[in-house]
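> Fold the following, please.
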Amino acid sequence: MAHYFRRVPNFKTSSRLNNKNSNFDTTNVKNLFRRFKLREDIASDFSAFESYSVKGDERPDQVADFFYDDPTLDWVILTTNNIINQTDSWPMANDEFYRYLYDKYDMDIDAIRHYETYEIVDSSETERVVLVGGMIVDENFTFKFYNPTTQSYSELSSEFAARPITNLEYETRLNDEKRSIIILKRIYLDQALLDSIRELRYKKSSDYISNNLKKSANIGLLQ
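Below you'll find the model as predicted:
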């Protein structure tokens, strides 16, 4: 992301440093209120993207290197997936994941978090789903349904209707869900890079100093 932040413009504001010489001292800081987004005609075109599953401990810069031959375009990968906070939205590496688990659950990562239903299909020719899988239920959940083959009601005990989900399994599932991302196809890359330059630069106004710098008296003038 370092190369992206070089593109982000600055604003000149009053210095808040302890060693400033006077109240008139200023400093330049990054205007994080400005953020590049893919333009609407590209973002809404499904054919402009391809699906990808992040592998193992793969980082955004490695994905960018694989698709664009340029690891510094990691910000394109993150922007395409609307990821602002990489820590929260990118799958954790294995070591980081287990540190997170032990910090959160101490030694109880294999403890049961909740129970989830199995998908139950009746034995008729239509193979009708009579119980949707993945619903969170109580430990003692039982399920009763009409079986058209036997023309009678059948009841499943909790052992056959639901299964325990551990903290480890639950958190692994959440982490793995973050692996499904989309990639902007390479033929659209140059246009996205040009758009990012145009969108992040400042337009001329009373606060304008340069394409990359504007003065700001208060936070309301940052955008």
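> What number of residues are in the vicinity of Tyr115?
Residues near Tyr115, counting by other Cβ atoms under 10 Å, number 18. For glycine as for every other residue, the C-beta is placed from the backbone atoms N, C-alpha and C.
> and it, what is it in contact with?
Listed by Cβ atoms under 8 Å, 6 or more residues apart in numbering, the contact set of Tyr115 reads Ile136, Val137, Asp138, Glu139, Phe141, Ser158, Ala162, Arg163, Pro164, Ile165.
> Out of those residues, which sit inside strands?
When DSSP state E is applied, those are split such that Ile136, Val137, Ala162, Arg163, Pro164, Ile165 fall in strands.
> How about the fifth one, nearest residue that isn't a chain neighbour?
Closest residue to Pro164 in three dimensions, ignoring its sequence neighbours and counting by Cβ to Cβ, 6 or more residues apart in numbering: Ile112, at 4.4 Å.
> measure the one you found to Thr166 for me?
Separation of Ile112 from Thr166 (Cβ to Cβ, to the nearest Å): 6 Å.
> Quick one, which of the contacts of Tyr115 has the minimum pLDDT?
Across the contacts of Tyr115, no position has a lower pLDDT than Ser158, which has 91.
> hmm, back to that, quick check: neighbours shared by Ile112 and Thr166?
Common neighbours of Ile112 and Thr166 (Cβ under 8 Å, 6+ apart) do not exist.
> Stretch 88-108: end-to-end distance?
End-to-end distance of stretch 88-108 (Cα to Cα, to the nearest Å): 22 Å.
> do you know how far Ala162 is from Asn140?
In terms of Cβ to Cβ, Ala162 sits 9 Å off from Asn140.
> quick one, which of the two is more surrounded?
Ala162 (25 against 9).
> per-residue confidence at Asn94?
Looking at Asn94, the pLDDT reads 95.
> The closest residue to Leu78 other than its chain neighbours: what's it in contact with?
In space, Leu78 comes closest to Pro60 once its chain neighbours are excluded; the distance is 5.6 Å by Cβ to Cβ, 6+ apart. By Cβ under 8 Å, 6+ apart, Pro60 lies in contact with Met1, Asp74, Trp75, Ile77, Leu78, Gln86, Trp90.
> try it again with 10 Å
Applying Cβ atoms under 10 Å, 6 or more residues apart in numbering, we find Pro60 in contact with 1, 54, 71, 73-78, 81, 83, 86, 90, 181.
> which one of the contacts of Tyr115 is nearest Ile120?
Among the contacts of Tyr115, Ala162 lies closest to Ile120 (Cβ to Cβ), at 10.2 Å.
> thinking again about what came up before, quick one: which of the ones in strands among the contacts of Tyr115 is the most crowded by neighbours?
Ala162 (25 neighbours).
> okay but that residue is in contact with Glu119, surely?
No: between Ala162 and Glu119 there is no contact under Cβ atoms under 10 Å: 11.1 Å.
> overlap in contacts of these two?
In contact with both Ala162 and Glu119: Leu131, Gly133, Met135, using Cβ under 10 Å, 6+ apart.
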